[in-house]
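Student: Sequence first, predicted coordinates after that:
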Amino acid sequence: MSAHAGKSPQAAKGPPRSGERGPLLLGVRHHGPGSARAVRAALDAAQPAAVLIEGPPEGDALLPLAADPGMRPPVALLAHAADDPGRAAFWPLAGFSPEWAAIRWAQARDVPVRFIDLPAAHSLAAPAGGEGRGEGDGEGDREASESVRLDPLAVLAETAGYDDAERWWEDVVEHRGTGGPDADPLGVFEALGDAMGALREEYGAGGHHRDLVREAYMRQRMRAARREFGDGYAVVCGAWHVPALRARTTAAADKALLTGLPKVKVETTWVPWTHRRLARAGGYGAGITSPGWYAHLFAARDRPVERWLTKVAGLLREEDRHVSPAHVIEAVRLADTLAAMRGRPVAGLTETLEAVQAVMCEGSDIPLGLIEDRLVVGDVLGEVPDATPVVPLQRDLTRQQRSLRLKAEAQDRELELDLRKDTDAAKSLLLHRLRLLGIGWGVPAASRGSTGTFRETWRLRWEPELAVRVAEAGIWGTTVLGAATARAEADAAAAGELGEITALAERCLLAGLSDALPAVLRALADRAALDTDVAGLAKALPALARSLRYGDVRGTDAAALGTVAAGLAERICVALPPACAAGLDADAAAELRGHVDGVHGAIGLLESESGGLRERWSAVLRTLAGRDTVPGLIRGRAARLLLDDGRLPPEETARLMGLSLSPASAPADAAGWIEGFAGGGSGGTLLVHDERLLGLIDSWLVSVPERAFVDVLPLLRRTFGAYEAGVKRTLGELARRGPSAGRAAVAGPGSAPAGFGPDLDPVRADAVVDLVRLLLAGAPA
């Protein structure tokens, strides 16, 4: 638990009461509904002339937007270096954050409100810059506590007899009411402030040097406010800072701390934030464990437990679980009983979740996990008004999102696109262009409904950091199309390998960047002419082949790619056999085997682009399959590809297998041949239906010497272990019958292995024709 949680409030001397001199110092926990309510009540009681808030002063110009109806927390102030948008910091604010409550209180009463923390211009210029309170750096309480290895909130909880600091905080602050005629709105600040001051006195008021600098700057801003408003102003800040802000220091001493600080030019804006990113589990230094629960506590007018459990019941009903009003009533009773037994003023999150698990989830952790994810944390995504200053690229992206009805959402969402529809095609282009710019809003996923190239599936999720990525990408252009085009051209010029350029060409086609293709193709042709590495050529070809296919689907002119791809394929056909015969070790052979598979699939797509290419490639595979100097893994794979294409007769296949598995072959090389030939999902099915090949493998296996068997066992397990359970079971049954390869080898036409019919059954075969046509073409003939 980080110590910022202990920033509950106030200076060692406590905030000034009515009639006392000095500003009103309100120490808070940065995200807590109890602190937010207490701050609002304290401001109502004190009616300060101005409100100062811990935050970067560069955000002052953006504060009026907080009152815009289009501003809906959670949001965050984003500051980034003007010349390096990647150096950025966030200051998140939720609707239940005390700082947000103070901002809205001041704006509702026309009271001046300002930020007083160290400027982001200094924070982002420091060597450890780029971290705002939202990411840990601006969280002074956390840094101070780390330096003295102290968690103030945990110490206070232990002193009060609690073993859970969060539960203690809930009892003392979050569940504390602020109404009533005798209520003291400043009491919680005095009590917690005195405790915080005592902790600093006991354990030392030191901290990270950065804390001292920040507190010096805050005191400078407080002096300026005193000159303007007298002592009638209020300060809302982390409680750990309050004793330092009350301390009597000279302006000269503070100025000395601030002299010589590095500085950069920064730009600031508001960006949407999410409850999930407010959670401590998301890596946020000032995070809380249950932002969704806290938002509920802050918004609930009364009976928070009853209203919360009603939400839980609604969620479970949406998931088709039977939850009745009686379940809700019983859960409320159980939560209240647990709270009473534990001596808590009201039921907290712990009691409500235990009651939910016992009553509504029947003791199961699975629905409870859903509740914790959806409600305790939540996926609420804030909104910012249109008037918020943004880079031109962000404005163009927002316009396209609206026109395409592609809403940014905090939770994962799958998007199925049919590229034959204009709107879906436009969505695909936008998502691909954003990916090329490094803005990962969408990630391609496997399509469940169809494998056709006119279908795409995306998994979308908007993260707050994407606002920074958009700002970074703004250097490439003012529109998504223009920026993606410029980025593609620059990437093509900077690419170091042929594979990088071919992958880039594919991405340009997917993104519809026709203006960038000429530059990419020039770079591709230049690099391909100089590249002599057959592995690099083989790695590049599949991407080009896919690009041609995608160009056809999207109506993109990709004809120039066909010439380049055919040239690459010709060079691969010439260079591959010598490369495979050059004494490869196991790792190099495995890499080349993968390239052989990739080239084989690519040539199948390129056949229409270059006549005779398939025949030349088949000749290469025959050379590889019959050359003894080629590693067994590659020879076996070449034989299998030829067999699958119908270019290698079964008798020739059996001959090649017999030679490769003969006693003269090294066991490791023979095992590699088996892996290359029989590996993959369909290898087992092939052996099931051809007992001749299975018998050859079986005969070789029983002849392997014991010592060699131990060496080849991992290869064999890798090969046969990948088969489906049914295939492995059938192979085992066939092997149990004994070898039958000899019978199969001498069998004449019309014969078949035992257990199989001698001839094809035309009636049963014709029954699947319409289904096959439907799967491949879309409609039966």
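Tutor: Received the coordinates, thanks.
Student: my read is Glu215 is in a strand, agree?
Tutor: No. Checked against DSSP: H, G, I helix; E, B strand; the rest coil, Glu215 lies outside a strand; its state is helix.
Student: so how many other residues sit close to it?
Tutor: 27 (other CB atoms under 10 Å). Using the backbone N, CA and C atoms, a C-beta is placed for each residue, glycine as well.
Student: Quick check: the gap between it and Ile53.
Tutor: 15 Å (CB to CB, to the nearest Å).
Student: same deal with His80?
Tutor: Taking CB to CB, one finds His80 at 21 Å from Ile53.
Student: same thing with His432?
Tutor: 42 Å.
Student: of those two, who's got more company?
Tutor: Neighbour totals were compared for His432 and Ile53, and Ile53 leads with 26 against 22 (other CB under 10 Å).
Student: I figured that one hits Ala234, correct?
Tutor: No. Contact criterion CB atoms under 8 Å: Ile53 and Ala234 do not qualify, at 9.2 Å.
Student: Need the overlap of contacts for the two.
Tutor: Ala102 (CB atoms under 8 Å, 6 or more residues apart in numbering).
Student: doesn't Leu419 make contact with Ala425?
Tutor: Yes. Here Ala425 reaches Leu419: they are 5.0 Å apart, a contact under CB under 8 Å.
Student: Give me the distance between Glu201 and Leu716.
Tutor: Taking CB to CB as the measure, Glu201 falls 72 Å from Leu716.
Student: typo on my end, it should be Ala445
Tutor: Ala445 is 34 Å from Leu716, by CB to CB.
Student: the more surrounded of those two?
Tutor: Leu716 (17 against 14).
Student: quick one, what contacts the more buried one?
Tutor: 671, 674-675, 701.
Student: Can you check those and name whichever has the most neighbours?
Tutor: Of those, with other CB under 10 Å as the count, Ala671 tops at 28 neighbours.
Student: got a pLDDT number for that one?
Tutor: Ala671 is assigned 81 on the pLDDT scale.
Student: again with the one 3 residues further on
Tutor: Listed pLDDT for Ile674 reads 83.
Student: so which helix or strand takes in it?
Tutor: Element membership for Ile674 (DSSP states H and E) is helix 667-678.
Student: From the contact counts, what lies against that helix?
Tutor: helix 586-606, helix 632-644, helix 650-660, helix 683-689, helix 691-703, helix 706-720 (3 or more CB pairs under 8 Å, 6 or more residues apart in numbering; DSSP states H and E).
Student: In TSV: these, plus distance to Pro243 and mean pLDDT.
Tutor: Below are those laid out as TSV (distance: least, CB to CB, whole Å; pLDDT from 0 to 100):
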stretch	distance to Pro243	mean pLDDT
helix 586-606	62	85
helix 632-644	71	88
helix 650-660	81	82
helix 683-689	73	76
helix 691-703	79	76
helix 706-720	65	79
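Student: could you dump those helices to CSV with distance to Ala300?
Tutor: Shown next, in CSV, are the helices and strands packed on helix 667-678 (distance: least, CB to CB, whole Å):
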stretch, distance to Ala300
helix 586-606, 58
helix 632-644, 65
helix 650-660, 74
helix 683-689, 60
helix 691-703, 70
helix 706-720, 58
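Student: I'd like to know how far Met71 sits from Trp308.
Tutor: 26 Å.
Student: Compare the two (neighbour count), which wins?
Tutor: Each of Met71 and Trp308 has its neighbours counted (other CB under 10 Å); Trp308 has more, 25 against 19.
Student: In terms of helices and strands, where is that one?
Tutor: helix 304-318.
Student: Can you name every helix or strand that the helix or strand following that helix contacts?
Tutor: Next along the chain after helix 304-318, taking DSSP H and E as the criterion, comes helix 325-341. Other helices and strands packing on helix 325-341, by 3+ CB pairs under 8 Å, 6+ apart, are helix 304-318, helix 349-359.
Student: Show me which residues of the longest one are buried.
Tutor: Of the residues in helix 304-318, 304-305, 308-309, 312-313, 315-316 count as buried by neighbour count, 16 or more other CB atoms under 10 Å.
Student: avg pLDDT for it?
Tutor: pLDDT averaged over helix 304-318 gives 94.
Student: quick check, distance from stretch 227-234 to the centre of its chain.
Tutor: On the basis of CA atoms, centre = their mean, to the nearest Å, stretch 227-234 sits 46 Å off its chain's mean C-alpha point.
Student: now do the same end-to-end measure for that stretch.
Tutor: Stretch 227-234 has an end-to-end distance of 14 Å (CA to CA, to the nearest Å).
Student: pLDDT of it, averaged?
Tutor: Stretch 227-234 comes out at a mean pLDDT of 93.
Student: before we move on, the earlier item: between the helices and strands packed on helix 325-341, which one is nearest to Pro92?
Tutor: helix 349-359 (20.7 Å; CB to CB).
Student: Toward the C-terminus from the closest one, list the very next helix or strand.
Tutor: Assigned by DSSP H and E, the successor of helix 349-359 is helix 365-371.
Student: following that following helix, which helix or strand shows up next?
Tutor: Under the assignment DSSP H and E, the closest C-terminal helix or strand after helix 365-371 is helix 392-403.
Student: and that next one, how far from the chain's centre?
Tutor: 22 Å.
Student: How about stretch 661-669?
Tutor: 48 Å.
Student: How about residues contacting that stretch?
Tutor: 631-632, 659-660, 670, 673-674, 696-697, 699-700, 703-705, 708-709, 711-712, 715.
Student: Got a quick ChimeraX command for the buried subset of these?
Tutor: Entered in ChimeraX, the line below selects the buried ones among the contacts of stretch 661-669, by 16+ other CB under 10 Å:
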select :631,632,660,670,673,674,696,697,700,704,712,715
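Student: about what we covered before: got the angle for the helix holding Ile674 vs helix 691-703?
Tutor: 160 degrees (axes from the mean of the first three to the mean of the last three CA atoms, to 10 degrees).
Student: what angle do helix 667-678 and helix 632-644 make?
Tutor: 30 degrees.
Student: just use 39 as the starting number from now, easier for me
Tutor: Sounds good: first residue 39 from here, last item helix 705-716.
Student: and helix 705-716, how far out from the chain's middle?
Tutor: That offset, for helix 705-716, works out to 40 Å (CA atoms, centre = their mean).
Student: CA atoms of that helix as CSV?
Tutor: What follows is helix 705-716, C-alpha atoms only, in CSV (Å, rounded to 0.1, in the frame of the first residue of the first chain):
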residue,chain,number,x,y,z
PRO,A,705,18.7,-41.8,-36.2
ALA,A,706,18.6,-38.0,-35.5
ASP,A,707,18.3,-37.3,-39.3
ALA,A,708,15.6,-39.9,-39.7
ALA,A,709,13.7,-38.5,-36.8
GLY,A,710,14.0,-35.1,-38.4
TRP,A,711,12.6,-36.5,-41.6
ILE,A,712,9.6,-37.9,-39.7
GLU,A,713,9.0,-34.5,-38.0
GLY,A,714,9.1,-32.7,-41.3
PHE,A,715,6.9,-35.1,-43.1
ALA,A,716,4.4,-36.1,-40.4
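Student: now the contacts of Leu754 in TSV, with distance to Arg261?
Tutor: Formatted as TSV, the contacts of Leu754 follow (distance: CB to CB, whole Å):
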residue	distance to Arg261
Ala709	81
Ile712	83
Glu713	77
Leu739	88
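Student: mind checking the SS state of Thr495?
Tutor: strand.
Student: count of residues packed around it?
Tutor: Using other CB under 10 Å, Thr495 has 17 other residues around it.
Student: surely Cys618 meets Asp666?
Tutor: No. Using CB under 8 Å as the test, Cys618 is too far from Asp666 to be in contact (11.8 Å).
Student: Neighbour count for those two, which is higher?
Tutor: Higher neighbour count among Cys618 and Asp666: Cys618, with 26 against 11, using other CB under 10 Å.
Student: how far away is that one from Gly574?
Tutor: Distance from Cys618 to Gly574, by CB to CB: 15 Å.
Student: before we move on, what about Asp564?
Tutor: The value you get for Asp564 to Gly574, if CB to CB is used, is 14 Å.
Student: Alright, calling it a day.
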